[in-house]
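> how would this look folded up:
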Amino acid sequence: MKENISLRLDSELLDFLKKEAKGDFRSVNNYIEMILQKHMNEQEEKEKTAE
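Below you'll find the model as predicted:
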């Protein structure tokens, strides 16, 4: 289930995210979600290899 959240970002960071999202043909929201999902997957892999 997806939930809505409010997020405050520095204007420089937001400009960067907009540029990157546009280059990847994504919305800023979708781009941020993709980055966070990738990070979560990487952390889970690190935890598995540490066991």
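> where does Lys48 land in three-state SS?
helix (DSSP: H, G, I helix; E, B strand; the rest coil).
> Pull up the gap between it and Asn41, please.
Lys48 sits at a distance of 11 Å from Asn41 (criterion: CB to CB, to the nearest Å). C-beta: built from backbone N, CA, C; applies to glycine.
> And Arg8, by the same measure?
Relative to Asn41, and taking CB to CB, Arg8 is found at 26 Å.
> Between these two, tell me which one has more neighbours.
A side-by-side neighbour count of Arg8 and Asn41, using other CB atoms under 10 Å, places Asn41 first with 10 against 5.
> Helices of this protein, residue ranges please.
Assigned by DSSP state H, the helices in the chain fall at 11-23, 28-50.
> what would the ones you listed look like in JSON lines with distance to Asn4 and mean pLDDT?
Output for the helices of the chain, formatted as JSON lines (distance: least, CB to CB, whole Å; pLDDT from 0 to 100):
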{"stretch": "helix 11-23", "distance to Asn4": "18", "mean pLDDT": "98"}
{"stretch": "helix 28-50", "distance to Asn4": "10", "mean pLDDT": "96"}
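> out of these, nearest to Lys2?
Among the helices of the chain, the nearest to Lys2 by CB to CB is helix 28-50 (8.8 Å).
> who are the neighbours of the closest one, in terms of helices and strands?
With contacts defined as 3 or more CB pairs under 8 Å, 6 or more residues apart in numbering; DSSP states H and E, helix 28-50 has these neighbours: helix 11-23.
> per-residue pLDDT, Glu51?
pLDDT recorded at Glu51 is 81.
> list the contacts for it?
Listed by CB atoms under 8 Å, 6 or more residues apart in numbering, the contact set of Glu51 is empty.
> and Tyr31, how many residues sit next to it?
Neighbours around Tyr31, by other CB under 10 Å: 19.
> Verify the stated contact: it with Asp24.
Yes - Tyr31 lies in contact with Asp24 (CB atoms under 8 Å); the separation is 6.2 Å.
> Make a markdown table from the helices of the chain and add distance to Met1 to it.
Below are the helices of the chain laid out as a markdown table (distance: least, CB to CB, whole Å):
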| stretch | distance to Met1 |
| --- | --- |
| helix 11-23 | 23 |
| helix 28-50 | 14 |
